[in-house]
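Asks: give the three-dimensional model of this entry:
(2 chains)
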2 protein chains.
Amino acid sequence: MSLVIVGSLAFDTIQTPRERREKVVGGSCTYCALAASFFTSPKIVGVVGEDFPREIIQFFQSKKIDTRGLEARPGKTFFWEGHYGYDPEQRETIKTEINVFRDFRPKLPASYRRAEIVFLANIDPDLQDEILSQMESPALVAMDTINLWIATKPEGIWRVLKKVNIFFANEEEIKMLSQETNLIKAARRVLASGPRLAVIKKGEHGALVLGRDFVFGVLGHPCEDVVDPTGAGDSFAGGFLGYLDKAGKISRPQIRRAAVFGSVMASFAIEDFSIERFKALRSEEIEKRFREFRRLVTF
Amino acid sequence: MSLVIVGSLAFDTIQTPRERREKVVGGSCTYCALAASFFTSPKIVGVVGEDFPREIIQFFQSKKIDTRGLEARPGKTFFWEGHYGYDPEQRETIKTEINVFRDFRPKLPASYRRAEIVFLANIDPDLQDEILSQMESPALVAMDTINLWIATKPEGIWRVLKKVNIFFANEEEIKMLSQETNLIKAARRVLASGPRLAVIKKGEHGALVLGRDFVFGVLGHPCEDVVDPTGAGDSFAGGFLGYLDKAGKISRPQIRRAAVFGSVMASFAIEDFSIERFKALRSEEIEKRFREFRRLVTF
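Replies: Residues are numbered from 1 along each chain as shown, chains lettered A, B, ... in the order given. Reported below is the predicted structural model:
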């Protein structure tokens, strides 16, 4: 099959309780595409400024990521600064500079429009909708979002959801969007609006995949040293959808394994700053950790 | 084998966002023993006042719970009032009346002293220590505790831990005791003091069982309607230790299944107020839910 990933490419300034990193490479599309690249050859859609390192784009290409949908524009790349507490779930956004993302209205390359799987990572829901309308007839549409859009454009999210098969969100987001305090009820509200599956990412606690008559849970990988939680959720989506694209069919056994590969890729992403861990990652490590996830829950 | 459970029998006043129940039967020993009674015939140690319902003790006996270690004393039964938020993890203690528990210095019946498994549920660590010294040579000692004792008698807890094989705690408690913010590090600190296993209860997220070179995770049962979270942790310990007692050996495969049965019993406990769900529970339901837990994580 083939997988289109739409999202942000960014510079991030990250502060954890122990360390600070200035202007490292980040963005939802970046993490998602790199995670997916261990399974398939994703096609990315996004925009970068003149300051974005050429070597990173070359690195994407070396990972067989299709960058024909990547625009380079005059101006500065999207910037985000975030601080994490001792609990990696405690994240505070210090600064967001939209920069070249402001007028981003991508036209998908012809070679992208027939992709079977499309992932709309966290961007303005109106933009997600517009991009989706350019796809011919994808077999699977997945989306993610963040609190910012839930707070400012909830009706936009609900509109896109009608056209979406898999909704990815973290606990806080799905509760906020659905206005339910119980996760299962929150998922039901989302499923009632269209999606067949809600994938709830729970950080160190793993993830739940909920369908109308389906539930699957995956644990988080026990991690003693979370170096940088940035991109964990996007890496989860990348592993999940990259595996499905590679598998070539979307049955329940594949969905279960996809969720485990999502958790596996998220567990690697947080072991180093920025995309460093993905630069060093070997396929054998992914297979090994997949087996560890099985051992972790087998009884 | 045989299992001794030491803990509180209580009246609880429970307020959830939707309902309030006055002076219903509760207590760590109560929940733990009832959960264990579906697997074995636990022997309980505790104290009640004159106001404790005779029918409840008869109900214990009908469940083959050995009540010879249960003292009835002049005065009122231990009382606790707690309020829960929309998130069942948000628990606020409104009132605690120690009552007959104040001078509780149990002497274990002779028939109890040779039990292979002893569970010291949440009570004063000095009392846990004293009771433990009355046991002849238990094969397995497990303990639980709460924030109150971690805040007021941490050195007492560390002293008991030296003699304990399995430490049960929730996330907040083990972090507070170990002064670590990461769960795996927190568990390592506890394991370094003596126990072979730390069982970290994570509410709706399930539980982690950590040993020096062992890790197992179990999910929480997806529950749409948490009626009363009281006693979930004690029911977990009851299912865990009740199953081990029935299994008759303490190997790793048994530990894994014990943790699942713990999560199963906790999932039932929260489906109704007080011990109501255990009154109605049938063994077939336990087996069915155990299979559901397997389906939930199989990939």
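Asks: quick check: residues of chain A near chain B?
Replies: Taking CB under 8 Å from any CB of the partner chain as the criterion, chain A approaches chain B at residues A:86-87, A:181-185, A:188, A:202, A:204-206, A:208, A:210, A:215-219, A:222-226, A:253, A:256-257, A:259-260, A:294, A:296-299. For every residue, glycine as well, the C-beta is placed using N, CA and C.
Asks: so of those, which ones are in helices?
Replies: A:183, A:184, A:185, A:188, A:253, A:256, A:257, A:259, A:260, A:294, A:296, A:297 (DSSP state H).
Asks: surely residue A:113 and residue A:138 touch.
Replies: No - counting by CB atoms under 8 Å, residue A:138 is not a contact partner of residue A:113; they are 9.2 Å apart.
Asks: mind telling me what element the residue nearest the centre of chain A is part of?
Replies: Centroid-nearest residue in chain A: residue A:234, 2.3 Å away (criterion: CA atoms, centre = their mean). Assigned by DSSP states H and E, residue A:234 belongs to helix A:232-247.
Asks: where does residue A:4 land on pLDDT?
Replies: If you check residue A:4, the pLDDT there is 98.
Asks: name the element it belongs to?
Replies: Residue A:4 belongs to strand A:3-6, assigned by DSSP H and E.
Asks: pairing partners for that strand, with directions?
Replies: Strand A:3-6 has its sheet partners listed here by DSSP bridges as strand A:43-48 (parallel), strand A:117-120 (parallel).
Asks: report the secondary structure state of residue A:292.
Replies: Using DSSP: H, G, I helix; E, B strand; the rest coil, the secondary structure recorded for residue A:292 is helix.
Asks: so who does the spatially closest residue to it that is not a sequence neighbour touch?
Replies: Excluding the flanking residues, the one nearest residue A:292 by CB to CB, 6 or more residues apart in numbering or on different chains is residue A:221, at 7.2 Å. By CB atoms under 8 Å, 6 or more residues apart in numbering or on different chains, the contact list for residue A:221 reads A:263, A:264, A:267, A:289, A:292, A:293, A:296.
Asks: with adjacent residues omitted, what lies nearest to the first one?
Replies: Right, the one you point to is residue A:263. Of all residues beyond its chain neighbours, the one nearest residue A:263 is residue A:218 (4.6 Å), with distances taken as CB to CB, 6+ apart.
Asks: does the one you found touch residue A:260 like I think?
Replies: Yes - at 5.2 Å, residue A:218 counts as touching residue A:260 under the criterion of CB under 8 Å.
Asks: compare these two (neighbour count), which wins?
Replies: Per other CB atoms under 10 Å in any protein chain shown, whichever of residue A:218 and residue A:260 has more neighbours is residue A:218, with 32 against 24.
Asks: so where's chain A uncertain?
Replies: Within chain A, no stretch has pLDDT under 70.
Asks: now do the contacts for whatever residue of the stretch 1-150 of chain A ends up closest to chain B.
Replies: Taking CB to the nearest CB, chain B has its nearest neighbour within the stretch 1-150 of chain A at residue A:86, 3.9 Å off. Contacts here follow CB under 8 Å, 6+ apart; on that basis residue A:86 touches A:17, B:181.
Asks: dihedrals phi and psi, it?
Replies: Phi and psi for residue A:86, reported as degrees, to the nearest 10, are phi -60, psi -40.
Asks: how far away is the residue lying closest to residue A:294 once chain neighbours are set aside from residue B:17?
Replies: Distances taken as CB to CB, 6+ apart place residue B:299 nearest to residue A:294, at 7.1 Å, with adjacent residues excluded. Remark: distance between residue B:299 and residue B:17 (CB to CB, to the nearest Å) = 35 Å.
Asks: compare these two (neighbour count), which wins?
Replies: Using other CB under 10 Å as the criterion, residue B:299 and residue B:17 rank with residue B:299 on top: 18 against 12.
Asks: so who does the more buried one touch?
Replies: Contact analysis of residue B:299 by CB under 8 Å, 6+ apart lists A:216, A:218, A:253, A:256, A:257, A:259, A:260, A:294.
Asks: residues in contact with the closest residue to residue A:104 other than its chain neighbours?
Replies: Nearest residue to residue A:104 in three dimensions, chain neighbours excluded: residue A:47, at 4.7 Å (CB to CB, 6+ apart). Residue A:47 makes contacts with A:9, A:70, A:71, A:72, A:73, A:78, A:100, A:101, A:104, A:106, as judged by CB under 8 Å, 6+ apart.
Asks: ok, the closest residue to residue A:66 other than its chain neighbours - contacts?
Replies: In space, and not counting its chain neighbours, residue A:66 is closest to residue A:43: 3.9 Å by CB to CB, 6+ apart. Residue A:43 sits next to A:2, A:3, A:4, A:5, A:65, A:66, A:68, A:69, A:109, A:111, A:112, A:115 when contact means CB under 8 Å, 6+ apart.
Asks: need the contact partners of stretch A:33-41.
Replies: If you take CB under 8 Å, 6+ apart as the criterion, stretch A:33-41 is touched by A:1-3, A:5, A:42, A:44, A:60, A:63-66, A:234-239, A:241-243, A:245-246, A:261, A:265-266, A:269, A:275, A:278, A:281, A:283, A:286.
Asks: that stretch: end-to-end distance?
Replies: Length of stretch A:33-41, first residue to last, CA to CA, to the nearest Å: 9 Å.
Asks: now list the buried members of the contacts of stretch A:33-41.
Replies: A:1-3, A:5, A:42, A:44, A:60, A:63, A:65-66, A:234-239, A:241-243, A:245-246, A:261, A:265-266, A:269, A:275, A:278, A:281, A:286 (16 or more other CB atoms under 10 Å in any protein chain shown).
Asks: contacting residues around stretch A:204-213?
Replies: Contacting residues not belonging to stretch A:204-213 are listed as A:88-89, A:183-184, A:187-188, A:191, A:196-202, A:215-220, A:223, A:226, A:236, A:255-256, A:259, A:262-263, B:183, B:202, B:205-206, B:217, B:219, B:222 [CB under 8 Å, 6+ apart].
Asks: quick check: buried residues in it?
Replies: Residues of stretch A:204-213 classed as buried by neighbour count (16+ other CB under 10 Å): A:204, A:205, A:206, A:207, A:208, A:209, A:210, A:211.
Asks: from residue A:262, how far off is the fifth one?
Replies: Relative to residue A:262, residue A:208 is positioned 12 Å away (CB to CB).
Asks: common neighbours of the two, please.
Replies: Shared contacts of residue A:208 and residue A:262 (CB under 8 Å, 6+ apart): residue A:199.
Asks: can you show me the strands along chain A?
Replies: In chain order, chain A shows strands spanning A:3-6, A:10-15, A:20-26, A:43-48, A:66-72, A:78-84, A:91-97, A:117-120, A:140-143, A:166-170, A:197-201, A:207-211, A:214-218, with DSSP state E as the criterion.
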